[in-house]
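>>> I would like to see how this sequence folds:
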Amino acid sequence: MELSLNNRYKDVRLSLFLFSILLILCLVSLSIGEININLINSLKDIFNNESSLNSIIFKEIRLPRTLLAVLIGASLGLSGAALQGLVRNPLAEPGLIGVSTSAALGSVITFYFGLSALFPLALPLGGITGALLAVIFLYLLTRHNTSMLAIILAGVAISSLAAALTALALNLAPNPYASLEIFFWLMGSLADRSYSHLSLILVPTLLGWWLMLSTRRELDVLALGEDTAQSLGVHLSTVNKRIILGVTLSVGSAVSVSGGIGFIGLVIPHLLRRFVGYQPGRLLLCSALGGAILLLTADMVVRLLPTQQELKIGVLTALLGAPFFLHLILKSKKEWAS
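Numbers count the residues shown, from 1 in each chain. So this is what the prediction gives:
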């Protein structure tokens with residue numbers, strides 16, 4: 001009992017610390033860019049219904065972009081921690097079950113058939129539809145075999161198929177400009193996003209968070225092994241379904257709006273795991289906050305870099321995440337050798 005209270009106190013303290021950092025970064029994100037604005041003056045203009053340059057930049061550009069960075073970053077961090085706890089493998093990440101590539105494929109299809117030009121919200125709707133179809137396909141492939149190995153293999157197959165179809169769409173694009181548009185979108189970005197994108201993904205994202213966070217206790221017990229978890233009353237199939245559906249809703253929604261942003265779900269759980277005693281259930285909320293911090297920071301960096309065209313945020317996260325992933329592989333190789 002005393003140990004449980006101590007862990008809870010540590011979790012609250014860590015969460016408050018991360019939330020404080022996130023809040024500070026949000027204020028900085030709203031202030032800086034190509035044009036630096038004064039937040040207090042912007043808020044005064046908004047409350048007085050005055051359409052100044054500062055208030056327009058704050059309300060129409062910076063605020064939705066910042067909120068989306070927090071929402072998407074939290075989804076990626078939380079999903080990565082949940083999947084790593086589920087499969088008990090520190091190298092797992094949200095793309096493991098094919099949701100990311102399937103959501104990207106759904107959005108690419110809207111590009112290919114010109115639906116995104118006719119209906120602006122067709123792009124995120126296509127991504128969400130692609131993610132949901134992926135989880136339905138995953139369920140059909142594994143309904144007679146719900147072992148974790150079967151789920152991972154089915155996810156890899158779905159991911160490979162979606163990636164192949166995306167490459168096919170790029171090859172068969174009617175003109176080079178369409179291919180270029182698809183290619184740039186796949187790199188990932190939060191530029192030119194609006195409140196309509198935010199409102200579209202808010203409900204499925206929050207539902208996905210709730211599904212994953214509701215498995216905290218089960219993930220801690222599952223860390224002891226599947227047999228032990230079942231003997232303690234954990235229903236593995238229910239936990240699998242909750243986490244997979246939660247990842248599908250949150251990551252599918254994220255990818256449908258931002259494009260491909262990788263490595264956040266892999267890096268953040270590793271950075272924070274030592275602070276929660278290597279317990280996967282306690283890691284969930286902290287990873288959500290950490291993911292939001294990392295993506296918001298990356299978004300500010302791409303905005304401030306003196307490049308002719310804004311660097312895609314997915315490129316920056318890949319440049320940061322790939323060496324970290326290589327480090328994890330080498331570290332795991334040494335542990336296996338010993």
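>>> quick check: phi and psi on the residue nearest to Leu186 when sequence neighbours are not counted?
Nearest non-adjacent residue to Leu186, counting by CB to CB, 6 or more residues apart in numbering: Gly260, 5.2 Å away. To be clear about C-beta, it is placed using only N, CA and C from the backbone, and glycine gets the same treatment. Phi and psi for Gly260, reported as degrees, to the nearest 10, are phi -80, psi 110.
>>> so how many other residues sit close to Gly260?
When neighbours are defined as other CB atoms under 10 Å, Gly260 has 23 of them.
>>> can you pull the pLDDT of it?
Per-residue confidence (pLDDT) for Gly260: 87.
>>> also Gly127?
If you check Gly127, the pLDDT there is 87.
>>> which residues does it contact?
For Gly127, the contact set (CB atoms under 8 Å, 6 or more residues apart in numbering) comprises Ala103, Ala104, Gly106, Ser107, Gly252, Ser253, Val255, Ser256, Val257.
>>> and what of Gly290?
Going by CB under 8 Å, 6+ apart, Gly290 touches Leu18, Gly77, Ile268, Leu271, Leu272.
>>> so how far is Asn171 from it?
Remark: distance between Gly290 and Asn171 (CB to CB, to the nearest Å) = 38 Å.
>>> cool, Pro94 as well?
Pro94 is 26 Å from Asn171, by CB to CB.
>>> please say which of those two ends up with more neighbours.
Between Pro94 and Asn171, counting by other CB under 10 Å, Pro94 is the more crowded of the two (28 against 8).
>>> wait, isn't the more buried one in contact with Val247?
Yes: using CB atoms under 8 Å, Pro94 is in contact with Val247, at 5.9 Å.
>>> what sits in contact with each of these two?
Common contacts of Pro94 and Val247 (CB under 8 Å, 6+ apart): Ser79, Leu83.
>>> just give the number of residues close to the closest residue to Leu284 other than its chain neighbours.
Closest residue to Leu284 apart from its sequence neighbours, by CB to CB, 6+ apart: Ala81 at 5.2 Å. For Ala81, the count of nearby residues is 31 (other CB under 10 Å).
>>> Ala81 and Ser287 touch, don't they?
Yes: between Ala81 and Ser287 a contact is recorded at 3.7 Å, counting by CB under 8 Å.
>>> wait, isn't the residue nearest to Leu186 in contact with Met187?
Yes: assessed by CB under 8 Å, Gly260 is found in contact with Met187 at 6.6 Å.
>>> which positions in whatever helix or strand Ala229 lives in come out as buried?
Assigned by DSSP states H and E, Ala229 falls within helix 226-231. Across helix 226-231, burial judged by 16 or more other CB atoms under 10 Å covers Ala229.
>>> what element comes up after that helix heading to the C-terminus?
Where DSSP H and E defines the elements, the next helix or strand beyond helix 226-231 is helix 236-258.
>>> mind giving me the packing neighbours of the helix or strand following that next one?
Proceeding N to C from helix 236-258, the next assigned helix or strand is helix 264-272, under DSSP H and E. Identification of packing neighbours for helix 264-272 by 3 or more CB pairs under 8 Å, 6 or more residues apart in numbering; DSSP states H and E yields helix 63-87, helix 280-304, helix 313-337.
>>> mind checking the pLDDT average for the first one?
Spelled out, it's helix 63-87. Per-residue pLDDT over helix 63-87 has a mean of 94.
>>> then the last one?
Averaging pLDDT along helix 313-337 gives 77.
>>> by contact count, what packs against that helix?
Looks like helix 313-337 contacts helix 264-272, helix 280-304 (3+ CB pairs under 8 Å, 6+ apart).
>>> in the longest one, what counts as buried?
In terms of neighbour count (16+ other CB under 10 Å), helix 280-304 has its buried residues at 280-300, 302-303.
>>> phi, psi for Asn89 please.
Main-chain dihedrals, Asn89, degrees, to the nearest 10: phi -140, psi 120.
>>> could you tell me how many residues sit around it?
Residues near Asn89, counting by other CB under 10 Å: 14.
>>> state the distance from it to Thr238.
20 Å.
>>> helices along the stretch 1-150 of the chain, start to end?
Per DSSP state H, counting those that start in this stretch, the stretch 1-150 of the chain has helices spanning 2-31, 39-47, 53-56, 63-87, 99-112, 115-118, 122-142, 148-171. These are given in chain order.
>>> distance to Phe183 added to these, as TSV?
Converted to TSV, the helices of the stretch 1-150 of the chain look like this (distance: least, CB to CB, whole Å):
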stretch	distance to Phe183
helix 2-31	27
helix 39-47	35
helix 53-56	31
helix 63-87	20
helix 99-112	10
helix 115-118	14
helix 122-142	15
helix 148-171	7
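>>> circling back to that earlier point, possible to save the contacts of Gly127 as TSV with distance to Leu140, neighbour count and pLDDT?
Listed next are the contacts of Gly127 as TSV, based on distance: CB to CB, whole Å; neighbours: other CB atoms under 10 Å; pLDDT from 0 to 100:
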residue	distance to Leu140	neighbour count	pLDDT
Ala103	18	31	90
Ala104	21	28	90
Gly106	18	26	90
Ser107	23	31	86
Gly252	17	32	89
Ser253	22	28	90
Val255	22	33	90
Ser256	22	27	87
Val257	27	24	91
